[in-house]
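Undergrad: The sequence isn't on hand, but the structure is:
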DNA sequence: GGCTTATTGAGAATAATTACAATGATCCTA
DNA sequence: TAGGATCATTGTAATTATTCTCAATAAGCC
């Protein structure tokens, strides 16, 4: 898969009457250099930018990730509580969905071609252009249920889910 | 489908060491009396409560819809920009998913059993309890693409989607 | 009826969006 | 190919959306 270049970004922006700015180019690069499976909140991204010596305002960060999500370049993820995360929207080969435990916020990624095909069918039915589709599954672990909310300690990890062999567990916040 | 009574809510809360309060009971009733297909933001709900003579604080409103979402009683929807919406989580017969135009925010509901089955398969694989699953499809209408963002007028409606016969269109704020 | 502690309301804190004037990317013209 | 016009974008600050803190209250338990 060829990398999405600044020139390609510019072309896509200009096509819609928008503009390529150094800020947008820099933010795109950050996401492109992010290891697979990682995602950033707006705050994370802002910190990362500062760390790399760029001074881009937090507003611009928020605006840019929102814009790029609308363009289909990024995906906006609503997983754990409190804040959104963003990742590159690579329709393939790493398109995936999320399963979240609403108690302990453990997040698991999973692939599912069937879901993607259903989404495609749905958009074609109305002549719309598919930008992204996300199946988010909300679950509760039996252990979490038993221990109850809000009694859970801050960093408690959902043992059940881990024990059952989730392959890509990651906890946010 | 028998109505979900206050007694049932109490039983479910107490089982986890939580309590039934007049506020929670009132909020549940609001959602139960909401016409099918409607959803409320926290602010909407707060206004509706005031209109009916209940004085429940906005904090409690936010906390309650969050709690009920975790319990699987409500669904939290992230559709248009800016704020979340809540609706009753009736797994059947009205379980549905959403397709959104990221430009004009036109939202269409649709049913899809295949998606639900895939979600069930995924949770069973890890021994987790399915609370809810939501497939959200992000699209762009050709017209919206052509007209471009942010040039769109405040209340512009995505004609393409309407013309193609979306059966349950609703626009959020 | 009293004890324990989850829940509430008020307000502070955090997350995210928006308004507006200044800036600068793109386009047009000479 | 430079110069200027246009208007999208930025940064700052204000606003809105949501969560959290904490003391007072009240639901559930005995």
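TA: Nice, I can see it. Bear in mind the structure is a predicted one, so any value in this text is a computation, not a measurement. Numbers count the residues shown, from 1 in each chain, chains lettered A, B, ... in the order given.
Undergrad: do the longest strand anywhere in chain A and DNA strand D meet at all?
TA: In chain A, taking DSSP state E as the definition, the longest strand is strand A:129-140. No - Strand A:129-140 lies out of reach of DNA strand D by C-beta under 7 Å from any atom of the strand, never closer than 13.8 Å. Every residue, glycine included, has its C-beta placed from N, CA and C.
Undergrad: and residue A:75, that's in a helix?
TA: No - looking at residue A:75 with DSSP: H, G, I helix; E, B strand; the rest coil, it is strand, so not inside a helix.
Undergrad: OK, contacts around it?
TA: A:69, A:86-89, A:132, A:134 (C-beta atoms under 8 Å, 6 or more residues apart in numbering or on different chains).
Undergrad: Can you give me the first-to-last residue distance of stretch A:97-113?
TA: Stretch A:97-113 stretches 10 Å from its first residue to its last (C-alpha to C-alpha, to the nearest Å).
Undergrad: Over to stretch A:117-133?
TA: Using C-alpha to C-alpha, the span of stretch A:117-133 from its first residue to its last is 10 Å.
Undergrad: Ok, stretch A:103-110 next?
TA: Taking C-alpha to C-alpha, the first and last residues of stretch A:103-110 lie 19 Å apart.
Undergrad: That stretch near DNA strand D anywhere?
TA: No - using C-beta under 7 Å from any atom of the strand, stretch A:103-110 never reaches DNA strand D; the gap is at least 10.7 Å.
Undergrad: now stretch A:11-24
TA: Yes - judged by C-beta under 7 Å from any atom of the strand, stretch A:11-24 and DNA strand D are in contact via A:13, A:17-19, A:21, A:23-24.
Undergrad: of all those, which two lie farthest apart?
TA: The span of those, defined through C-beta to C-beta, is set by A:17 and A:23 at 17.8 Å.
Undergrad: Those two: which is more packed in?
TA: The neighbour count for residue A:17 versus residue A:23, taken as other C-beta atoms under 10 Å in any protein chain shown, is higher for residue A:23 (17 against 11).
Undergrad: Can you tell me the element that one falls in?
TA: Following DSSP states H and E, the helix or strand that holds residue A:23 is helix A:22-32.
Undergrad: And that helix, what does it pack against?
TA: Counting contacts by 3 or more C-beta pairs under 8 Å, 6 or more residues apart in numbering or on different chains; DSSP states H and E, helix A:22-32 packs against helix A:6-15, helix A:42-51, helix A:58-71, strand A:85-88.
Undergrad: buried stuff in that helix?
TA: By 16 or more other C-beta atoms under 10 Å in any protein chain shown, the buried positions in helix A:22-32 come out as A:23-24, A:27-28, A:31.
Undergrad: which one among those gets closest to DNA strand D?
TA: residue A:23 (3.6 Å; C-beta to the nearest atom of the strand).
Undergrad: Relative to residue B:53, how far out is that closest one?
TA: To residue B:53, residue A:23 is 50 Å away according to C-beta to C-beta, to the nearest Å.
Undergrad: Can you give the domain ranges for chain A?
TA: Chain A breaks down by automatic domain parsing into domains covering A:1-94, A:96-173.
Undergrad: most tightly surrounded among those domains?
TA: Highest mean neighbour count among the domains of chain A (mean count of other C-beta atoms under 10 Å in any protein chain shown): domain A:96-173, with a mean of 17.
Undergrad: quick one: contacts for residue A:99?
TA: Applying C-beta under 8 Å, 6+ apart, the residues near residue A:99 are A:107-110, A:136-137, A:139, B:122-123, B:126, B:128.
Undergrad: Also residue A:69?
TA: Each residue near residue A:69 by C-beta under 8 Å, 6+ apart is listed here: A:75-76, A:86, A:89, A:132, B:102, B:138.
Undergrad: mean confidence score for stretch A:104-111?
TA: Mean pLDDT, computed over stretch A:104-111, is 81.
Undergrad: what distance separates the start and the end of it?
TA: Using C-alpha to C-alpha, first and last residues of stretch A:104-111 are 22 Å apart.
Undergrad: And stretch A:11-22, by the same measure?
TA: Stretch A:11-22 has an end-to-end distance of 15 Å (criterion: C-alpha to C-alpha).
Undergrad: Skip the chain neighbours and tell me the closest residue to residue A:65.
TA: The shortest distance from residue A:65 to any non-neighbouring residue, by C-beta to C-beta, 6 or more residues apart in numbering or on different chains, is to residue A:86 (4.8 Å).
Undergrad: Specify the beta-bridge partners of the one you found.
TA: For residue A:86, the beta-bridge partners are residue A:40, residue A:76 (DSSP bridges).
Undergrad: ok, it to residue A:121 distance?
TA: 27 Å.
Undergrad: how about residue A:109, phi and psi?
TA: phi -90, psi 150 (degrees, to the nearest 10).
Undergrad: Would you mind measuring from it to residue A:131?
TA: The gap separating residue A:109 from residue A:131 is 19 Å, by C-beta to C-beta.
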